[in-house]
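1. Starting from these lines, generate the structure:
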Amino acid sequence: MAKKKPQPKSNSIARNKKARFDYFIEDTLEAGISLEGWEVKSLRAGKIQLGESYVLFKDNQAWLFGA
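-> This is a model prediction of the structure:
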């Protein structure tokens with residue numbers, strides 16, 4: 001039997017699956033984010049909550065609220 005090729009790991013830390021289920025996503029953007037040390041540790045541990053979060057665009061910047 002042939003060996004399976006290893007799948008490359010995704011760099012995505014979190015994805016809002018409920019938003020993709022409840023709404024039609026017309027366009028997606030990929031952006032970087034500046035985090036403090038404790039925030040990085042929480043993300044790597046998988047302790048992020050996106051259920052009530054939203055993004056506002058103001059002055060050509062995206063602001064994440066409620067995460």
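
2. What is the one helix or strand Val55 maps to packed up against?
-> If you go by DSSP states H and E, Val55 is part of strand 54-58. Packing partners of strand 54-58 (3 or more C-beta pairs under 8 Å, 6 or more residues apart in numbering; DSSP states H and E): strand 61-65. Bear in mind the C-beta positions are built from the backbone N, C-alpha and C, glycine included.

3. Now do the strand it packs on against strand 54-58: the angle between them, please.
-> Following axes from the mean of the first three to the mean of the last three C-alpha atoms, to 10 degrees, one obtains 150 degrees for the angle between strand 61-65 and strand 54-58.

4. residues of strand 61-65 that come out buried?
-> When neighbours are counted by 16 or more other C-beta atoms under 10 Å, no buried residue of strand 61-65 is found.

5. Mind listing the strands that strand pairs with, and their directions?
-> Note on strand 61-65: by DSSP bridges, its sheet partners are strand 54-58 (antiparallel).

6. What are the contacting residues of the strand it pairs with?
-> Under the criterion C-beta atoms under 8 Å, 6 or more residues apart in numbering, residues Ala62, Trp63, Leu64, Phe65, Gly66 lie in contact with strand 54-58.

7. From the chain's centroid, how far away is it?
-> Offset of strand 54-58 from its chain centre (C-alpha atoms, centre = their mean, to the nearest Å): 14 Å.

8. so how many other residues sit close to Ala31?
-> Ala31: 8 surrounding residues under other C-beta atoms under 10 Å.

9. try Asn16
-> Neighbour tally, Asn16, other C-beta under 10 Å: 17.
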